[in-house]
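Undergrad: Fold the stuff below for me.
(2 chains)
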Amino acid sequence: MTNNLERTLAIFYCRNMPESGEEVRQSLEKKYGKSIRLFPMPCSGRIDIVHLLRALEEFADAVYVITCPEGACRYLEGNKRIGKRVERAKSIIEGIGLEKERLNLITPVAVNDKFSLASYAEEIMKGAIKYTPSPVFKKTAHGAGKTKRKGSKAP
Amino acid sequence: MITAEQKPMNEIRDMIAPYKRILTVGCASCVAECAAGGEKETGALASALRMACKMAGDEKIIHEKTLDRQCVKDFVIQLEDVIKDYDAILSLGCGAGVQAVAEMYNEVPVIPALNTEFLGETRDQGLWVENCLGCGDCMLYFFGGVCPLARCSKQLLNGPCGGSQDGRCEVDPDVPCAWQNIIDRLSSFNALDRLEKIYPPKDWSKKRGAGPRKIIREDQKR
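TA: Below is the predicted model of the structure:
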């Protein structure tokens, strides 16, 4: 898929959610190309504020965290902790003038809900159009041109 | 442990504004324990500042490094090889850490990124409470291991005030009454008689009576 929107979304996800294996990740990366960056984590509780900020700093227009369902964390409270960290990270980016909507948390409601990494990723990518390009990559020293994203090709 | 909290972002940005090349220096000791200035917080602050600068079109170079201890010169010396590359240090150490770095590198401005708060205890995850004033004359033996100066809102040395209700402080009902704790603790090991003595007003001369304090131990010297 071509990256018509020129938006890059980062998705951190718990590896314990159903249908989130390596082959699913590879097929999503093939489908969405540079628009998507997927980060499988052993537990969403392993994700720290600095990971979310680095993604926004280096390449992402928006960041999503998908946890395992409520009550299903194999480490008991990893998916609760990440919620608080996302809130803290939101307050940090708001403090520097970046919209807090660029950070999102998805926690499936019940263990029995039908969901998968692919279905969430599809939904997220459909909504990518709502994001304007991140101002982090817009300006250079004199307010013109673009700051290069990490991982993008040299102009 | 020394506790601290990060300063507001705007205050930090104002202080670093005149400088182009900034080294953000964290400390992996007390301020890491209270999640204010450890490696993760240093990385997060540096990242946020870089983003803020990019959005403002301000071409600053902001790097980060975390020392095991910022208040010990044997660790601060690790900056020796890199400090020449920067115009300023943004320190996430406590006040002692900031000053240790400043004293060692006289020619480099050292900017505090944290407000140092108090000597305290990690009571729970995400909860730190003040329980020592560093008075220089510890009386915890007499009060069953509960300091009335640090933990009683009125710093009473001779029994509770009349406002203690159900074991809570009248100044702030969220705070346990220190005197209730003192009596409970002393009762539990039959030492209530320690309260029969009248304790005179605290002698603060041992805290700041002779200016900045220092400890000298000949056996620890070089």
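
Undergrad: tell me what the biggest helix by length in chain A is packed against?
TA: Using DSSP state H, we find that the single longest helix of chain A is helix A:78-95. Applying 3 or more Cβ pairs under 8 Å, 6 or more residues apart in numbering or on different chains; DSSP states H and E, we find helix A:78-95 packed against helix A:49-58, strand A:103-106, helix B:9-16, helix B:39-55. (Each C-beta comes from the backbone N, C-alpha and C, glycine too.)

Undergrad: Let's see that with 6 Å instead.
TA: Packing partners of helix A:78-95 (3 or more Cβ pairs under 6 Å, 6 or more residues apart in numbering or on different chains; DSSP states H and E): helix A:49-58, strand A:103-106.

Undergrad: tell me the most buried of the ones you listed?
TA: Across these, the average number of neighbours (mean count of other Cβ atoms under 10 Å in any protein chain shown) peaks for helix A:49-58, which reaches a mean of 24.

Undergrad: Identify the residues contacting it?
TA: Outside of helix A:49-58, the residues within contact range by Cβ atoms under 6 Å, 6 or more residues apart in numbering or on different chains are A:10, A:63, A:85, A:88-89, A:150, B:40, B:43-44, B:47-48, B:50-51.

Undergrad: same thing but at 8 Å, please
TA: Residues outside helix A:49-58 that contact it (Cβ atoms under 8 Å, 6 or more residues apart in numbering or on different chains): A:10, A:12, A:37, A:39, A:63, A:65, A:85-86, A:88-89, A:92-93, A:98, A:102-103, A:134, A:136, A:149-151, B:40-41, B:43-44, B:47-48, B:50-51, B:54.

Undergrad: Go ahead and confirm B:Ala191 touches B:Gly144.
TA: Yes - if you go by Cβ atoms under 8 Å, B:Ala191 and B:Gly144 touch, sitting 6.7 Å apart.

Undergrad: Those two: which is more packed in?
TA: Taking other Cβ atoms under 10 Å in any protein chain shown, B:Ala191 and B:Gly144 do not tie; B:Gly144 has more neighbours (19 against 13).

Undergrad: That one is in contact with B:Asn190, isn't it?
TA: No - using Cβ under 8 Å, B:Gly144 makes no contact with B:Asn190, being 11.0 Å away.

Undergrad: Tell me how many other residues surround B:Asn106.
TA: There are 7 residues near B:Asn106, going by other Cβ under 10 Å.

Undergrad: which regions of chain B sit below the pLDDT cut-off?
TA: Applying pLDDT under 70 to chain B picks out no residues at all.

Undergrad: Residues of it that sit close to chain A?
TA: B:8-10, B:40-41, B:43-44, B:47-52, B:54-59 (Cβ under 8 Å from any Cβ of the partner chain).

Undergrad: ok, now with 10 Å
TA: B:6, B:8-10, B:12-13, B:35, B:39-60, B:64, B:125-126 (Cβ under 10 Å from any Cβ of the partner chain).

Undergrad: For chain B, which segments count as strands?
TA: B:2-6, B:21-27, B:61-67, B:88-91, B:110-112, B:114-124, B:127-132 (DSSP state E).

Undergrad: Burial-wise, tell me which of the ones you listed comes out on top.
TA: Of these, strand B:21-27 is the most buried (mean count of other Cβ under 10 Å), at a mean of 26.

Undergrad: partners of that strand in the sheet?
TA: As defined by DSSP bridges, the strand partners of strand B:21-27 come to strand B:61-67 (parallel), strand B:88-91 (parallel).

Undergrad: any residues touching stretch B:203-218, and which ones?
TA: Stretch B:203-218 is contacted by residues B:133-137, B:149 when judged by Cβ atoms under 10 Å, 6 or more residues apart in numbering or on different chains.

Undergrad: which among the residues you listed end up buried?
TA: B:133, B:135, B:149 (16 or more other Cβ atoms under 10 Å in any protein chain shown).

Undergrad: In contact with the last one, which residues?
TA: Yep, that's B:Leu149 we're talking about. B:131-133, B:135, B:139, B:143, B:155-157, B:178, B:202, B:204.

Undergrad: quick one: the residue nearest to B:Tyr199 when sequence neighbours are not counted from B:Cys27, how far?
TA: Spatially, and ignoring its direct neighbours in sequence, B:Tyr199 is nearest to B:Leu157 (4.2 Å; Cβ to Cβ, 6 or more residues apart in numbering or on different chains). Applying Cβ to Cβ, to the nearest Å, the value for B:Leu157 to B:Cys27 is 35 Å.

Undergrad: Quick one: name the residues of chain A near chain B.
TA: So chain A meets chain B at A:48-58, A:81, A:84, A:88-89, A:91-98, A:134-145, A:147 (Cβ under 10 Å from any Cβ).

Undergrad: Taking these, please make a ChimeraX selection of just the buried ones.
TA: Buried residues within the residues of chain A next to chain B, by 16+ other Cβ under 10 Å, are selected in ChimeraX with:
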select /A:48,49,50,51,52,53,54,55,56,57,58,81,89,92,93,95,96,98,134,135,136,137,138,139,147
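
Undergrad: B:Ala113 is in contact with B:Lys7, isn't it?
TA: Yes - between B:Ala113 and B:Lys7 there is a contact under Cβ atoms under 10 Å: 5.9 Å.

Undergrad: OK, contacts around the residue lying closest to A:Val24 once chain neighbours are set aside?
TA: In this structure, A:Val24 finds its nearest non-sequential neighbour in A:Leu117, 5.3 Å apart by Cβ to Cβ, 6+ apart. A:Leu117 sits next to A:11, A:13-15, A:17-21, A:24-25, A:28, A:38, A:40, A:66 when contact means Cβ under 10 Å, 6+ apart.

Undergrad: again, only using 7 Å
TA: A:13, A:17, A:19-20, A:24 (Cβ atoms under 7 Å, 6 or more residues apart in numbering or on different chains).

Undergrad: Run a quick neighbour tally on B:Asp172.
TA: Neighbours of B:Asp172 using other Cβ under 10 Å come to 9.

Undergrad: Oops, could you answer that again for B:Asn158 instead?
TA: 12.
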